[in-house]
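1. quick one: sequence and predicted model below, then my questions.
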Amino acid sequence: MSDSIHVVCPGCKQVNRLPRERLSANGKCGSCQSVLLGKSPVHLTGVDFKKFIGRNDLPVLVDFWAPWCGPCKMMGPVFEQAALQLYPQVILAKVDTETEQGLASQYGIRSIPTIALYRQGKEVARIAGAMDLQNLTAWVSQHL
């Protein structure tokens, strides 16, 4: 029997079991047929945040940002590139703190952009401020 992991669908948020050796094989959700591990960040809301970070067996890197924030705008393309480089070992997600103020408050987000790394629902590392791609991927690797 193969080693399987749980992956939350970015579309319908259902939990799927996926063989670890097939992480990069474009596995699809059993419920909605969405690709389970995309190469771009997933947008999360207060409704699905806790389930998404808590039920994924893969680490989830979250960018807490706002559309009016200059450093966040600079960080956006870097985060997209990081999604490509960290695929399929890390899932990247974004939370718009402007529309999800309650979520930002609940998780103690005091400045943006804030990048937080979660493993099985628990925060394992956090850093505030914009970073370039090399520093971001090095920071993630240091905390995996």
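-> All right, it came through fine.
2. so who does the closest residue to residue 48 other than its chain neighbours touch?
-> Take residue 48 and drop its neighbours on the chain: the residue closest to it by CB to CB, 6 or more residues apart in numbering is residue 13, 4.9 Å away. Any C-beta I mention is one placed from the backbone N, CA and C, and that applies to glycine too. Contact analysis of residue 13 by CB atoms under 8 Å, 6 or more residues apart in numbering lists 48, 51, 52.
3. most neighbours of all the residues you listed, which one?
-> residue 52 (23 neighbours; other CB atoms under 10 Å).
4. separation between the residue nearest to residue 48 and residue 36?
-> 11 Å (CB to CB, to the nearest Å).
5. find residues that contact each of the two.
-> With CB under 8 Å, 6+ apart, residue 13 and residue 36 have no common neighbours.
6. element containing the nearest residue to residue 136 once chain neighbours are set aside?
-> Nearest residue to residue 136, sequence neighbours excluded (CB to CB, 6+ apart): residue 82, at 5.2 Å. Element membership for residue 82, per DSSP states H and E: helix 70-86.
7. repeat for residue 138
-> Residue 138 belongs to helix 133-143, assigned by DSSP H and E.
8. elements contacting that helix?
-> Contact here means 3 or more CB pairs under 8 Å, 6 or more residues apart in numbering; DSSP states H and E; on that basis helix 133-143 packs against helix 70-86, strand 114-119, strand 122-128.
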